[in-house]
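Undergrad: Requesting a structural model of the entry that follows:
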Amino acid sequence: MHEVNIPEIIAELTAVFQRYERALVTNNISELDALFWRSPLTIRFGASENLYGYDAIAAFRKARSPAGLQRVLSDTVITTFGRDFGTVNTLFHRDGQKTPGRQSQTWIRTEDGWRIVSAHVSLTAAG
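TA: Numbers count the residues shown, from 1 in each chain. Model (predicted):
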């Protein structure tokens, strides 16, 4: 069994998740693209889209409006399993949005660094 939440691995994944969040709210598309695994097996389910493969995710990012991306995170839970696998789950709140959104990501360490292999974004019916 893999050791859960090795402190230095938690620190690594926390830092890369913070890098992702900065890229998201500033619409840094090249940084966002760099943080997803470049594979047809990468998946991102969004509030209104189902994206299969890195190319579909990258195309979505390019076409998405940069307006309204600012948000505040809460209840973020980062869990690592061994040294090369982890998950990040968080709630996010945007101005004018009545209920929080939720985001989950699965990360793996590749030879190029930590990359998202699966992501899900949705809105909740209640907080």
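Undergrad: if I pick Y54, what's in contact with it?
TA: By C-beta atoms under 8 Å, 6 or more residues apart in numbering, the contact list for Y54 reads F36, W37, R38, S39, P40, T42. Backbone N, C-alpha and C define where each C-beta goes, glycine included.
Undergrad: how about the strands in the protein?
TA: 43-45, 50-52, 72-81, 85-93, 101-110, 113-123 (DSSP state E).
Undergrad: List only buried entries from the contacts of Y54.
TA: F36, W37, T42 (16 or more other C-beta atoms under 10 Å).
Undergrad: farthest-separated two in the contacts of Y54?
TA: Greatest spatial distance in the contacts of Y54: F36 and P40, 11.8 Å, computed using C-beta to C-beta.
Undergrad: Report the beta-bridge partners for the residue nearest the centre of the chain.
TA: Central residue of the chain (C-alpha atoms, centre = their mean): Q105, 4.7 Å from the mean position. Here Q105 sits in beta bridges with V88, A119, going by DSSP bridges.
Undergrad: which residues sit in contact with it?
TA: F17, Y20, T87, V88, N89, I116, S118, A119, H120 are the contacts of Q105 under C-beta under 8 Å, 6+ apart.
Undergrad: Would you mind checking the residues you listed for buried ones?
TA: F17, Y20, V88, I116, S118, A119.
Undergrad: Excluding residues flanking it in the chain, which one is nearest the first one?
TA: Read it as F17. Sequence neighbours aside, V88 is the residue nearest to F17 in space, at 5.0 Å (criterion: C-beta to C-beta, 6 or more residues apart in numbering).
Undergrad: OK, contacts around the one you found?
TA: L13, F17, T76, V77, I78, Q103, S104, Q105, W107.
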